[in-house]
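Q: The sequence and its predicted three-dimensional model are supplied below.
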There are 2 protein chains.
Amino acid sequence: MRHAIRCGCLIEEKDALLPVTDRSVQYAYSVYEALKLKNGEFVHLKEHLFRLRESAKGIKIDLKYSDEEIYSWLDALKNADNLFNETFRILLIGHENLLFITHSETRKYPDSYYTEGVDCTLYEGERFLPNYKTSNLLLSYLALEDAESKGAFEALFVNRHGYITEGTRSNFYALKGNKLYTAPDSDVLLGVTRIGVMEAAKEMGIQVVYEPVYVKDVYSFDSLFISSTSMKAMSVRSINGKSVSRSMNTMVLRFSDYVGQWE
Amino acid sequence: MRHAIRCGCLIEEKDALLPVTDRSVQYAYSVYEALKLKNGEFVHLKEHLFRLRESAKGIKIDLKYSDEEIYSWLDALKNADNLFNETFRILLIGHENLLFITHSETRKYPDSYYTEGVDCTLYEGERFLPNYKTSNLLLSYLALEDAESKGAFEALFVNRHGYITEGTRSNFYALKGNKLYTAPDSDVLLGVTRIGVMEAAKEMGIQVVYEPVYVKDVYSFDSLFISSTSMKAMSVRSINGKSVSRSMNTMVLRFSDYVGQWE
């Protein structure tokens, strides 16, 4: 029997349910976090709980639970279901602070996704309140579904000015010589793994330039990659079906290694 | 005991529940409609079901139920709970077509909202896919909460170019002489009551101009009003705390009467 947490109580997962008539549910007035349990330890737990709190604040929800409380609930769920490597999802709904924790298998990707890269598509759109992980995910859903219908792995958002900001569930980077380009903090999700990528760049003596890539220039870089909690740093091999340079893929693999160890 | 409908079955309302682990629920990948039962008859049912189908199509959900099926479910719920005047909400979730119908009391407004008008605030933002009623409602939630915190009744969205498009749950109109200004169809929800307003304008010999109002010009019109299924046509008396002209309020009241009878 699988379990879940509702507002601090251990329940059966099948009872993790939302009332259709709840106004916060109807308005998708909620925020969430996804975090990994790796070898029995929660990865960057503090950073994820910090971001949950920031996301809540960003849409004017006052998160009334302490980090310690949420940590103890994660632990209770881990123990109840005897988990060792898993992904946890925390959902916080409305001013009433209805909180659920559920879990699912951590997604694993084939090695080729790193050595050979993945295919991405472009999708015009801007996430509403990009710094926060809100449940306002329709744009991401449609963009990802469009990518998958074309056999691609991820969709990258192009903003109104023609710049690539981020993926539907990843941050986006472009390497050229000794420089790493990525969109400024104001325009993207402040990915926990992105912090690791930035640390890796510093370690490797690579200069970070907080400028988004203009969509027409995307084929002129040495290498492109995306990052997320589940992907780490993953090479991009094509955009909209057209191959991109992967001449610096050794460097991308070093980013991935760094982020993997940083966990 | 209150009832609800889930995928054609009559259930208790307390069992109208959504699984937290469902991906379509997590992504708010759903559309909805709200419609009125008035003196035992559903008001503009055909138009509401047409729009539900259009909303679904707009986010690539194939609505597999026929109008006749949905109509029979509305009827079953009406009879089960012995309803005569009520508001019904239809929610359609994901490709799996999980459909719920719930009901609540129809909101009634004091006469003064019509004779003296309501206060509105301005809120910068554009609804994603404005033609469709999707559950991607965070912007509307935040805008309305902001309005209510200032004692106002409705928030009006101002787009990136500085034009007023629509309210969080209403369409917006401005009268000047013999002309009625409203944003073009592409930028707003195609309100069912808006159809009635357009018909009323034709009947009254008023020319409809499909141009949004520039925010700086909003105080220069003769009268402003908003419309929705629950509000009909409702006069605006102030925007951001500053009074607006209501010199054509008699005309606004005629719009409201027309829409009320058109039901």
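A: Received it, and whenever you're ready, just let me know what you need. Numbers count the residues shown, from 1 in each chain, chains lettered A, B, ... in the order given.
Q: Can you pull up the residues of the stretch 51-200 of chain A that come close to chain B?
A: Proximity of the stretch 51-200 of chain A to chain B, by CB under 8 Å from any CB of the partner chain, involves residues A:59-60, A:89, A:91, A:100, A:102, A:104, A:125, A:128-129, A:134-142, A:145, A:160. Placement of C-beta: from N, CA and C, glycine included.
Q: From those, list the buried ones, please.
A: Buried subset of these (neighbour count, 16 or more other CB atoms under 10 Å in any protein chain shown): A:59, A:89, A:91, A:100, A:102, A:125, A:128-129, A:134-142, A:145.
Q: Could you measure from A:Leu35 over to A:Glu116?
A: Note on A:Leu35: its distance to A:Glu116, by CB to CB, to the nearest Å, is 28 Å.
Q: Counting neighbours, go ahead and name the busier of the two.
A: The residue with more neighbours, out of A:Leu35 and A:Glu116, is A:Leu35; 22 against 12, by other CB atoms under 10 Å in any protein chain shown.
Q: How about the worst-scoring helix or strand of chain A on mean pLDDT, which residues are buried there?
A: Using mean pLDDT, DSSP states H and E, helix A:249-262 stands out as the lowest-scoring helix or strand of chain A, at a mean of 93. Under the neighbour-count criterion of 16+ other CB under 10 Å, helix A:249-262 has A:Asn249, A:Met251, A:Val252, A:Arg254, A:Phe255, A:Ser256, A:Tyr258, A:Val259, A:Trp262 buried.
Q: Show the contacting residues for A:Asp62.
A: Counting by CB atoms under 8 Å, 6 or more residues apart in numbering or on different chains, A:Asp62 touches A:Ala56, A:His95, A:Asn97.
Q: Quick one: residues contacting the spatially closest residue to A:Arg2 that is not a sequence neighbour.
A: Take A:Arg2 and drop its neighbours on the chain: the residue closest to it by CB to CB, 6 or more residues apart in numbering or on different chains is A:Glu13, 4.1 Å away. The contact partners of A:Glu13, taken as CB under 8 Å, 6+ apart, are A:Met1, A:Arg2, A:His3, A:Ala4, A:Thr102, B:Thr21.
Q: Let me know the pLDDT of A:Glu13.
A: Per-residue confidence at A:Glu13 stands at 98 (pLDDT).
Q: what does the one 4 residues further on give?
A: At A:Leu17, the pLDDT value in this model is 98.
Q: I'd like to know how far it sits from A:Leu74.
A: 20 Å.
Q: Helices of chain A, start to end?
A: With DSSP state H as the criterion, chain A has helices at A:23-26, A:45-58, A:67-80, A:112-115, A:138-149, A:192-203, A:249-262.
Q: isn't A:Ile70 right up against A:Ile90?
A: Yes: counting by CB atoms under 8 Å, A:Ile90 is a contact partner of A:Ile70 at 7.0 Å.
Q: Tell me how many other residues crowd the closest residue to A:Leu49 other than its chain neighbours.
A: Excluding the flanking residues, the one nearest A:Leu49 by CB to CB, 6+ apart is A:Asp67, at 4.8 Å. Residues contacting A:Asp67 under the criterion other CB under 10 Å number 15.
Q: go on, A:Val197?
A: With neighbours defined by other CB under 10 Å, the count for A:Val197 comes to 24.
Q: Only the C-alpha atoms, please, for stretch A:232-250, written as PDB.
A: Taking C-alpha atoms only, stretch A:232-250 is exported to PDB below (Å, rounded to 0.1, in the frame of the first residue of the first chain):
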ATOM      1  CA  LYS A 232      21.200  17.200 -14.300                       C
ATOM      2  CA  ALA A 233      23.000  18.800 -17.300                       C
ATOM      3  CA  MET A 234      21.800  17.300 -20.600                       C
ATOM      4  CA  SER A 235      23.200  18.000 -24.100                       C
ATOM      5  CA  VAL A 236      20.900  19.300 -26.900                       C
ATOM      6  CA  ARG A 237      21.600  17.800 -30.300                       C
ATOM      7  CA  SER A 238      18.800  19.500 -32.400                       C
ATOM      8  CA  ILE A 239      16.400  22.300 -32.300                       C
ATOM      9  CA  ASN A 240      13.200  22.100 -34.300                       C
ATOM     10  CA  GLY A 241      14.700  19.200 -36.200                       C
ATOM     11  CA  LYS A 242      17.900  21.000 -37.200                       C
ATOM     12  CA  SER A 243      21.200  19.800 -35.700                       C
ATOM     13  CA  VAL A 244      23.100  22.100 -33.500                       C
ATOM     14  CA  SER A 245      26.900  22.100 -32.800                       C
ATOM     15  CA  ARG A 246      28.000  19.800 -30.000                       C
ATOM     16  CA  SER A 247      31.700  20.600 -30.300                       C
ATOM     17  CA  MET A 248      32.000  21.400 -26.600                       C
ATOM     18  CA  ASN A 249      30.100  18.300 -25.400                       C
ATOM     19  CA  THR A 250      33.000  17.100 -23.300                       C
END
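Q: buried ones in it?
A: The neighbour-count check on stretch A:232-250 (16+ other CB under 10 Å) flags A:232-240, A:244-246, A:248-249 as buried.
Q: Of those, which belong to strands?
A: Mapping those onto strands (DSSP state E) picks out A:Lys232, A:Ala233, A:Met234, A:Ser235, A:Val236, A:Arg237, A:Ser238, A:Ile239.
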